[in-house]
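K.L.:
Okay, structure incoming, though there's no sequence with it:
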């Protein structure tokens, strides 16, 4: 059975290492997984006053998340936490109260950074929110990708064989996790 995995990238930067990693993961996905990046750039900031008449971008995003079998979050670390744009996407998808698009959806977190600890703080910050949102998150292998500025060529392609193998191992584990959670 093919599993539709929504990939949410927490960086908007054109040359984002996180987007490059998301593209590499998408290209390496094993056959049961179909990964698709879901853009969050144009999501208006969450404002509960708009829940009665939500912006079209919110409605489209929520519907897309509901259709997904699973969600893969790929995030940079900003000040030891997740970027505001990613937090906004979590908030938009979780509302209105009682109608969260995230609930029960298997998830995984990848954090990518040029720094040595690979976005560890953002990875765990995001996991805190996902616990509350009832997203069962893959625990092992953990995916902190450090030294990202040395892993991609000028076209954004992954050049490091060890990282490629790690990505494949991670995707295989995520695929098994999705099947376990979805039953």
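P.N.:
Thanks, I have it. Since the structure is predicted, the reported quantities are computational estimates derived from the model, not experimental observations.

K.L.:
For this protein, just list every one of the helices.
P.N.:
17-28, 56-67, 84-94, 120-132, 161-182 (DSSP state H).

K.L.:
pLDDT on the third one, on average?
P.N.:
This means helix 84-94. Here helix 84-94 scores 98 as its mean pLDDT.

K.L.:
Run through who's touching that helix.
P.N.:
8, 10-12, 40-41, 43, 45-46, 58, 61-62, 65, 73, 75, 78, 100-102, 126, 129, 133 (C-beta atoms under 8 Å, 6 or more residues apart in numbering). Every residue, glycine included, has its C-beta placed from N, CA and C.

K.L.:
List the residues that contact the residue most central in space within the chain.
P.N.:
Against the mean C-alpha coordinate of the chain, by C-alpha atoms, centre = their mean, the closest residue is residue 73 at 1.1 Å. Neighbouring residues of residue 73 by C-beta under 8 Å, 6+ apart: 7, 8, 10, 86, 107, 108, 109, 110, 126, 130.

K.L.:
is it in a bridge, and if so with what?
P.N.:
residue 8, residue 109 (DSSP bridges).

K.L.:
For the residue sitting furthest away from the middle of the chain, give its distance to residue 94.
P.N.:
Going by C-alpha atoms, centre = their mean, the residue of the chain most distant from its centre is residue 52, 27.4 Å out. Noted for residue 52: a distance of 17 Å to residue 94, by C-beta to C-beta, to the nearest Å.

K.L.:
for residue 178, same thing?
P.N.:
Separation of residue 178 from residue 94 (C-beta to C-beta): 20 Å.

K.L.:
Equivalent analysis for residue 164, please.
P.N.:
When residue 164 is compared with residue 94 (using C-beta to C-beta), they lie 34 Å apart.
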